[in-house]
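Undergrad: Okay, here's the prediction I keep looking at, along with the sequence it came from:
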Protein chains: 2
Amino acid sequence: MNELPKEMSFIINLWSVNSIISKRIDASLGTIHGIGFTEYMILFHLNNSHNKTMRRIDLANSIGLTASGITRIVSPMEKIGVVSKEQNKRDARVSLVKITTAGEVILGDATLSLKQNSKRLLEGVSESHLTNALEIFKFIGKDVYV
Amino acid sequence: MNELPKEMSFIINLWSVNSIISKRIDASLGTIHGIGFTEYMILFHLNNSHNKTMRRIDLANSIGLTASGITRIVSPMEKIGVVSKEQNKRDARVSLVKITTAGEVILGDATLSLKQNSKRLLEGVSESHLTNALEIFKFIGKDVYV
DNA sequence: GAAATAAGCTTGATTAGTCAAGTATCTATC
DNA sequence: GATAGATACTTGACTAATCAAGCTTATTTC
(Lines give C-alpha, C1' and ligand atoms only; values in the text may rest on other atoms or scores of the structure.)
Protein backbone atom coordinates (compact mmCIF):
# COMPACT_ATOMS: atom_id res chain seq x y z
CA MET A 1 0.00 0.00 0.00
CA ASN A 2 2.26 2.75 1.25
CA GLU A 3 5.88 2.66 0.18
CA LEU A 4 7.71 0.50 2.66
CA PRO A 5 11.46 0.66 2.95
CA LYS A 6 13.06 -2.52 1.67
CA GLU A 7 14.59 -3.23 5.07
CA MET A 8 11.15 -3.43 6.63
CA SER A 9 9.78 -5.56 3.81
CA PHE A 10 12.67 -7.87 4.42
CA ILE A 11 11.90 -8.28 8.12
CA ILE A 12 8.20 -8.80 7.51
CA ASN A 13 8.67 -11.30 4.76
CA LEU A 14 11.43 -13.12 6.57
CA TRP A 15 8.96 -13.72 9.36
CA SER A 16 6.04 -14.84 7.20
CA VAL A 17 8.11 -17.05 4.93
CA ASN A 18 9.85 -18.67 7.89
CA SER A 19 6.54 -19.31 9.55
CA ILE A 20 5.25 -21.05 6.44
CA ILE A 21 8.39 -23.00 5.64
CA SER A 22 9.33 -24.14 9.11
CA LYS A 23 5.86 -25.54 9.62
CA ARG A 24 6.23 -27.73 6.53
CA ILE A 25 9.74 -28.84 7.40
CA ASP A 26 8.67 -29.56 10.94
CA ALA A 27 5.78 -31.70 9.80
CA SER A 28 7.95 -33.73 7.47
CA LEU A 29 10.77 -34.22 9.99
CA GLY A 30 8.26 -35.13 12.68
CA THR A 31 6.35 -37.65 10.60
CA ILE A 32 9.35 -39.43 9.14
CA HIS A 33 12.05 -39.09 11.77
CA GLY A 34 10.22 -38.26 14.98
CA ILE A 35 12.06 -35.01 15.63
CA GLY A 36 11.12 -31.36 15.26
CA PHE A 37 13.08 -28.68 13.48
CA THR A 38 14.55 -27.40 16.74
CA GLU A 39 15.80 -30.84 17.68
CA TYR A 40 17.25 -31.20 14.21
CA MET A 41 19.09 -27.91 14.62
CA ILE A 42 20.56 -29.05 17.92
CA LEU A 43 21.87 -32.28 16.41
CA PHE A 44 23.12 -30.37 13.39
CA HIS A 45 25.12 -27.87 15.44
CA LEU A 46 26.49 -30.56 17.75
CA ASN A 47 27.62 -32.62 14.81
CA ASN A 48 29.42 -29.66 13.26
CA SER A 49 31.19 -28.71 16.46
CA HIS A 50 34.58 -29.64 17.85
CA ASN A 51 34.38 -33.04 19.61
CA LYS A 52 30.68 -33.20 18.72
CA THR A 53 30.18 -31.40 22.00
CA MET A 54 28.86 -27.98 22.97
CA ARG A 55 28.05 -25.97 26.05
CA ARG A 56 24.33 -25.40 26.47
CA ILE A 57 24.74 -21.66 26.37
CA ASP A 58 26.56 -21.77 23.03
CA LEU A 59 23.92 -24.08 21.66
CA ALA A 60 21.30 -21.57 22.79
CA ASN A 61 23.04 -18.67 21.10
CA SER A 62 23.72 -20.39 17.82
CA ILE A 63 20.16 -21.63 17.49
CA GLY A 64 18.48 -18.52 18.78
CA LEU A 65 16.86 -20.02 21.86
CA THR A 66 17.32 -19.11 25.51
CA ALA A 67 19.29 -21.23 27.98
CA SER A 68 16.11 -22.49 29.55
CA GLY A 69 14.72 -23.43 26.17
CA ILE A 70 17.79 -25.60 25.64
CA THR A 71 17.38 -27.24 29.03
CA ARG A 72 13.80 -28.16 28.24
CA ILE A 73 14.38 -29.50 24.75
CA VAL A 74 17.63 -31.34 25.44
CA SER A 75 16.36 -33.22 28.48
CA PRO A 76 14.02 -35.58 26.57
CA MET A 77 16.73 -35.98 23.91
CA GLU A 78 19.03 -37.33 26.63
CA LYS A 79 16.34 -39.75 27.74
CA ILE A 80 15.93 -41.26 24.29
CA GLY A 81 19.71 -41.33 23.89
CA VAL A 82 20.38 -39.10 20.89
CA VAL A 83 22.58 -36.82 22.99
CA SER A 84 24.50 -37.37 26.23
CA LYS A 85 25.39 -35.13 29.15
CA GLU A 86 29.10 -34.53 29.77
CA GLN A 87 31.02 -32.61 32.38
CA ASN A 88 33.58 -29.92 31.85
CA LYS A 89 36.67 -30.67 33.94
CA ARG A 90 37.71 -27.05 34.19
CA ASP A 91 34.38 -25.47 34.99
CA ALA A 92 31.77 -27.21 37.12
CA ARG A 93 29.07 -24.77 36.11
CA VAL A 94 28.87 -25.94 32.55
CA SER A 95 27.08 -29.02 31.40
CA LEU A 96 28.14 -30.18 27.97
CA VAL A 97 25.90 -31.79 25.39
CA LYS A 98 27.32 -34.41 23.04
CA ILE A 99 25.67 -36.08 20.09
CA THR A 100 25.64 -39.89 20.39
CA THR A 101 26.07 -42.47 17.65
CA ALA A 102 22.32 -42.99 17.66
CA GLY A 103 21.91 -39.24 17.28
CA GLU A 104 24.27 -39.21 14.32
CA VAL A 105 22.20 -41.84 12.58
CA ILE A 106 18.98 -39.88 13.05
CA LEU A 107 20.72 -36.69 11.96
CA GLY A 108 21.99 -38.40 8.82
CA ASP A 109 18.56 -39.71 7.86
CA ALA A 110 16.83 -36.44 8.65
CA THR A 111 19.42 -34.49 6.68
CA LEU A 112 18.65 -36.53 3.59
CA SER A 113 14.97 -35.66 3.64
CA LEU A 114 15.71 -32.08 4.62
CA LYS A 115 17.95 -31.75 1.56
CA GLN A 116 15.18 -33.03 -0.67
CA ASN A 117 12.59 -30.83 0.96
CA SER A 118 14.66 -27.68 0.65
CA LYS A 119 15.46 -28.37 -2.98
CA ARG A 120 11.79 -28.88 -3.71
CA LEU A 121 10.79 -25.72 -1.85
CA LEU A 122 13.38 -23.62 -3.61
CA GLU A 123 13.11 -25.20 -7.02
CA GLY A 124 13.40 -22.38 -9.51
CA VAL A 125 15.46 -20.05 -7.35
CA SER A 126 18.77 -19.35 -9.01
CA GLU A 127 22.14 -20.18 -7.49
CA SER A 128 23.08 -16.51 -7.41
CA HIS A 129 19.89 -15.53 -5.60
CA LEU A 130 20.63 -18.13 -2.96
CA THR A 131 24.24 -17.02 -2.58
CA ASN A 132 23.01 -13.50 -2.17
CA ALA A 133 20.51 -14.41 0.52
CA LEU A 134 23.11 -16.45 2.39
CA GLU A 135 25.34 -13.39 2.47
CA ILE A 136 22.61 -11.37 4.14
CA PHE A 137 22.00 -14.12 6.67
CA LYS A 138 25.72 -14.32 7.37
CA PHE A 139 25.76 -10.59 7.89
CA ILE A 140 22.90 -10.64 10.38
CA GLY A 141 23.70 -13.71 12.43
CA LYS A 142 27.15 -14.87 13.30
CA ASP A 143 26.57 -18.61 13.22
CA VAL A 144 25.92 -19.33 9.63
CA TYR A 145 26.92 -22.67 8.20
CA VAL A 146 27.32 -22.65 4.44
CA MET B 1 31.59 -28.91 7.84
CA ASN B 2 30.28 -31.19 5.11
CA GLU B 3 29.22 -29.58 1.86
CA LEU B 4 25.61 -28.56 2.25
CA PRO B 5 23.52 -27.66 -0.75
CA LYS B 6 22.75 -23.96 -0.80
CA GLU B 7 19.03 -24.64 -0.61
CA MET B 8 19.46 -26.36 2.72
CA SER B 9 21.76 -23.66 4.04
CA PHE B 10 19.08 -21.20 3.11
CA ILE B 11 16.38 -23.01 5.08
CA ILE B 12 18.58 -23.47 8.13
CA ASN B 13 19.78 -19.89 8.19
CA LEU B 14 16.34 -18.50 7.48
CA TRP B 15 15.18 -20.23 10.63
CA SER B 16 18.06 -19.13 12.86
CA VAL B 17 18.11 -15.57 11.63
CA ASN B 18 14.36 -15.24 12.00
CA SER B 19 14.52 -16.61 15.51
CA ILE B 20 17.12 -14.01 16.46
CA ILE B 21 15.52 -11.07 14.68
CA SER B 22 11.90 -11.66 15.59
CA LYS B 23 12.84 -11.88 19.25
CA ARG B 24 14.42 -8.43 19.11
CA ILE B 25 11.58 -6.89 17.14
CA ASP B 26 9.05 -8.47 19.45
CA ALA B 27 10.78 -7.06 22.51
CA SER B 28 10.89 -3.56 21.07
CA LEU B 29 7.28 -3.59 19.84
CA GLY B 30 6.10 -5.00 23.14
CA THR B 31 7.96 -2.51 25.32
CA ILE B 32 7.02 0.59 23.37
CA HIS B 33 3.64 -0.19 21.87
CA GLY B 34 2.28 -3.07 23.90
CA ILE B 35 1.83 -5.44 20.97
CA GLY B 36 3.78 -8.46 19.76
CA PHE B 37 5.04 -9.08 16.25
CA THR B 38 2.12 -11.34 15.43
CA GLU B 39 -0.38 -8.68 16.46
CA TYR B 40 1.55 -6.18 14.41
CA MET B 41 1.33 -8.44 11.39
CA ILE B 42 -2.41 -8.78 11.81
CA LEU B 43 -2.90 -5.02 11.92
CA PHE B 44 -0.51 -4.61 9.01
CA HIS B 45 -2.37 -7.05 6.76
CA LEU B 46 -5.77 -5.67 7.75
CA ASN B 47 -4.65 -2.15 6.96
CA ASN B 48 -3.37 -3.17 3.53
CA SER B 49 -6.52 -5.05 2.62
CA HIS B 50 -9.66 -4.01 0.80
CA ASN B 51 -12.04 -2.24 3.22
CA LYS B 52 -9.49 -2.78 5.99
CA THR B 53 -11.29 -6.06 6.51
CA MET B 54 -10.32 -9.69 6.14
CA ARG B 55 -11.71 -13.14 6.72
CA ARG B 56 -10.00 -14.96 9.56
CA ILE B 57 -8.93 -17.79 7.32
CA ASP B 58 -7.21 -15.42 4.88
CA LEU B 59 -5.51 -13.65 7.74
CA ALA B 60 -4.28 -17.05 8.92
CA ASN B 61 -2.87 -17.97 5.54
CA SER B 62 -1.17 -14.70 4.84
CA ILE B 63 0.51 -14.59 8.23
CA GLY B 64 1.34 -18.27 8.42
CA LEU B 65 -0.80 -19.16 11.41
CA THR B 66 -3.66 -21.62 11.73
CA ALA B 67 -7.30 -20.59 11.98
CA SER B 68 -7.35 -21.35 15.67
CA GLY B 69 -4.23 -19.31 16.19
CA ILE B 70 -6.08 -16.35 14.68
CA THR B 71 -9.10 -16.90 16.89
CA ARG B 72 -6.94 -16.87 19.99
CA ILE B 73 -4.87 -13.83 19.14
CA VAL B 74 -7.65 -11.70 17.66
CA SER B 75 -10.05 -12.15 20.56
CA PRO B 76 -8.09 -10.00 23.04
CA MET B 77 -7.47 -7.49 20.25
CA GLU B 78 -11.23 -7.10 19.91
CA LYS B 79 -11.54 -6.54 23.64
CA ILE B 80 -9.05 -3.69 23.67
CA GLY B 81 -10.68 -2.26 20.55
CA VAL B 82 -7.91 -2.31 17.95
CA VAL B 83 -9.98 -4.55 15.68
CA SER B 84 -13.71 -5.20 15.41
CA LYS B 85 -15.78 -8.22 14.45
CA GLU B 86 -17.96 -7.89 11.33
CA GLN B 87 -20.41 -10.20 9.62
CA ASN B 88 -20.42 -11.32 6.03
CA LYS B 89 -23.90 -10.90 4.54
CA ARG B 90 -23.42 -13.62 1.97
CA ASP B 91 -21.86 -16.29 4.12
CA ALA B 92 -22.82 -16.77 7.75
CA ARG B 93 -19.84 -19.02 8.38
CA VAL B 94 -17.30 -16.31 8.03
CA SER B 95 -16.45 -13.79 10.67
CA LEU B 96 -14.62 -10.75 9.36
CA VAL B 97 -11.96 -8.80 11.19
CA LYS B 98 -11.64 -5.07 10.64
CA ILE B 99 -8.98 -2.70 11.91
CA THR B 100 -10.43 0.18 13.95
CA THR B 101 -9.28 3.79 14.06
CA ALA B 102 -7.56 3.05 17.35
CA GLY B 103 -5.85 0.12 15.67
CA GLU B 104 -4.66 2.33 12.84
CA VAL B 105 -3.06 4.71 15.31
CA ILE B 106 -1.18 1.92 17.05
CA LEU B 107 -0.17 0.46 13.71
CA GLY B 108 1.16 3.82 12.59
CA ASP B 109 3.23 4.31 15.71
CA ALA B 110 4.53 0.76 15.70
CA THR B 111 5.42 1.01 12.02
CA LEU B 112 7.63 3.98 12.73
CA SER B 113 9.74 2.11 15.26
CA LEU B 114 9.73 -1.01 13.14
CA LYS B 115 11.15 0.98 10.24
CA GLN B 116 13.92 2.31 12.43
CA ASN B 117 14.63 -1.11 13.89
CA SER B 118 14.83 -2.83 10.53
CA LYS B 119 17.14 -0.16 9.12
CA ARG B 120 19.42 -0.52 12.11
CA LEU B 121 19.41 -4.31 11.88
CA LEU B 122 20.19 -4.29 8.18
CA GLU B 123 22.58 -1.36 8.16
CA GLY B 124 25.32 -2.23 5.73
CA VAL B 125 23.27 -4.57 3.56
CA SER B 126 23.15 -3.24 0.03
CA GLU B 127 19.96 -2.29 -1.79
CA SER B 128 20.58 -4.98 -4.40
CA HIS B 129 21.04 -7.68 -1.79
CA LEU B 130 17.72 -6.72 -0.25
CA THR B 131 15.94 -6.68 -3.60
CA ASN B 132 17.36 -10.09 -4.29
CA ALA B 133 16.17 -11.53 -0.98
CA LEU B 134 12.71 -10.05 -1.47
CA GLU B 135 12.49 -11.82 -4.81
CA ILE B 136 13.16 -15.15 -3.14
CA PHE B 137 10.58 -14.44 -0.46
CA LYS B 138 8.06 -13.47 -3.10
CA PHE B 139 8.79 -16.70 -4.91
CA ILE B 140 8.23 -18.83 -1.83
CA GLY B 141 5.20 -17.20 -0.27
CA LYS B 142 2.40 -15.64 -2.17
CA ASP B 143 1.57 -12.82 0.22
CA VAL B 144 4.57 -10.63 -0.01
CA TYR B 145 4.19 -6.91 0.45
CA VAL B 146 7.01 -4.91 -1.03
C1' DG C 1 -34.66 -31.09 -2.56
C1' DA C 2 -32.11 -34.60 0.52
C1' DA C 3 -27.84 -36.25 1.54
C1' DA C 4 -22.99 -35.94 1.45
C1' DT C 5 -19.13 -33.19 1.48
C1' DA C 6 -16.59 -29.06 2.22
C1' DA C 7 -15.51 -24.57 4.43
C1' DG C 8 -15.10 -21.36 8.36
C1' DC C 9 -14.62 -20.93 12.91
C1' DT C 10 -14.11 -22.15 18.00
C1' DT C 11 -12.75 -24.96 21.96
C1' DG C 12 -10.17 -28.42 25.12
C1' DA C 13 -5.93 -30.40 25.67
C1' DT C 14 -1.22 -30.19 24.73
C1' DT C 15 3.45 -28.42 23.40
C1' DA C 16 7.37 -25.41 22.80
C1' DG C 17 9.01 -21.90 24.18
C1' DT C 18 9.59 -17.35 27.35
C1' DC C 19 10.89 -14.72 31.57
C1' DA C 20 12.17 -14.07 36.35
C1' DA C 21 14.08 -15.97 40.23
C1' DG C 22 17.15 -19.16 42.41
C1' DT C 23 21.40 -22.15 42.96
C1' DA C 24 26.11 -23.18 42.15
C1' DT C 25 30.44 -22.07 40.62
C1' DC C 26 34.02 -19.17 38.82
C1' DT C 27 36.75 -14.64 38.44
C1' DA C 28 38.36 -10.28 39.83
C1' DT C 29 39.40 -6.85 43.29
C1' DC C 30 40.88 -4.94 47.45
C1' DG D 1 41.78 -14.79 50.96
C1' DA D 2 37.02 -12.60 51.62
C1' DT D 3 33.73 -10.33 49.05
C1' DA D 4 31.33 -8.75 44.96
C1' DG D 5 30.09 -9.63 40.66
C1' DA D 6 29.49 -12.40 36.60
C1' DT D 7 28.41 -16.84 34.25
C1' DA D 8 26.00 -21.43 33.50
C1' DC D 9 22.25 -23.72 34.28
C1' DT D 10 17.50 -25.16 36.15
C1' DT D 11 12.83 -24.50 37.71
C1' DG D 12 7.93 -22.55 38.36
C1' DA D 13 4.62 -19.91 36.27
C1' DC D 14 3.05 -18.29 32.14
C1' DT D 15 2.08 -17.40 26.94
C1' DA D 16 1.47 -18.30 22.18
C1' DA D 17 0.71 -21.36 19.34
C1' DT D 18 -0.64 -26.25 17.65
C1' DC D 19 -3.85 -30.24 16.63
C1' DA D 20 -8.04 -32.83 16.70
C1' DA D 21 -12.74 -32.70 17.37
C1' DG D 22 -17.03 -30.44 17.03
C1' DC D 23 -20.49 -26.99 15.47
C1' DT D 24 -22.72 -24.28 11.90
C1' DT D 25 -23.47 -22.94 7.39
C1' DA D 26 -22.65 -23.55 2.15
C1' DT D 27 -22.11 -26.18 -1.91
C1' DT D 28 -22.39 -30.07 -4.76
C1' DT D 29 -24.41 -34.21 -6.48
C1' DC D 30 -27.88 -37.38 -7.43
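TA: Looks like it came in fine.

Undergrad: What pLDDT does the model give the most centrally placed residue in chain A?
TA: Centroid check for chain A by C-alpha atoms, centre = their mean gives A:M41 as the closest residue, at 2.6 Å. pLDDT, A:M41: 95.

Undergrad: Where does it fall, secondary structure wise?
TA: Using DSSP states H and E, A:M41 falls within helix A:37-47.

Undergrad: what does that helix rub up against?
TA: For helix A:37-47, the external contacting residues (C-beta atoms under 8 Å, 6 or more residues apart in numbering or on different chains) are A:22, A:25-26, A:29, A:35, A:52-54, A:59, A:62-63, A:65, A:70, A:73-74, A:77, A:82-83, A:97-99, A:103-104, A:106-107, A:110-111, A:114, A:143, A:145, B:1, B:12, B:15-16. In this view, the C-beta of every residue, glycine as well, is placed from N, C-alpha and C.

Undergrad: Filter the residues you listed down to just the buried residues.
TA: By neighbour count, with 16 or more other C-beta atoms under 10 Å in any protein chain shown, those hold A:22, A:25-26, A:29, A:35, A:52, A:54, A:59, A:62-63, A:65, A:70, A:73-74, A:77, A:82-83, A:97, A:99, A:103, A:106-107, A:110-111, A:114, A:143, A:145, B:12, B:15-16 as buried.

Undergrad: before we move on, back to that, can you name every helix or strand that the helix or strand just after the helix holding A:M41 contacts?
TA: Using DSSP H and E, the helix or strand that follows helix A:37-47 in sequence is strand A:53-55. If you count contacts as 3 or more C-beta pairs under 8 Å, 6 or more residues apart in numbering or on different chains; DSSP states H and E, strand A:53-55 packs onto helix A:37-47, strand A:95-99.

Undergrad: Strand A:53-55 near DNA strand D anywhere?
TA: Yes. Using C-beta under 7 Å from any atom of the strand, we find that strand A:53-55 touches DNA strand D at A:R55.

Undergrad: Return the residues of chain A in contact with DNA strand C.
TA: So chain A meets DNA strand C at A:36, A:38, A:64-66, A:68-69, A:72-73, A:90-93 (C-beta under 7 Å from any atom of the strand).

Undergrad: Could you identify which of those has the most neighbours?
TA: A:L65 (22 neighbours; other C-beta atoms under 10 Å in any protein chain shown).

Undergrad: Could you look up the SS state of that one?
TA: Here A:L65 takes the coil state, with states given by DSSP: H, G, I helix; E, B strand; the rest coil.

Undergrad: Look up phi and psi at it.
TA: Main-chain torsions, A:L65, degrees, to the nearest 10: phi -110, psi 170.

Undergrad: what's the offset of the one helix or strand A:Q116 maps to from the middle of its chain?
TA: Taking DSSP H and E as the definition, A:Q116 sits inside helix A:101-121. Mean-position distance between helix A:101-121 and its chain equals 12 Å (C-alpha atoms, centre = their mean, to the nearest Å).

Undergrad: what do you get for stretch A:21-38?
TA: Its chain's C-alpha centre lies 12 Å from the corresponding centre of stretch A:21-38 when counted by C-alpha atoms, centre = their mean.

Undergrad: One more: stretch A:45-54?
TA: Distance, stretch centre to chain centre, for stretch A:45-54: 13 Å (C-alpha atoms, centre = their mean).

Undergrad: Please apply the same query to stretch A:74-86.
TA: In this view, stretch A:74-86 has its centroid 17 Å away from the chain centroid, taken as C-alpha atoms, centre = their mean.

Undergrad: contacting residues around it?
TA: Counting by C-beta under 8 Å, 6+ apart, A:35, A:39, A:42-43, A:46, A:53, A:56, A:59, A:95-100, A:102-103, A:106 sit against stretch A:74-86.
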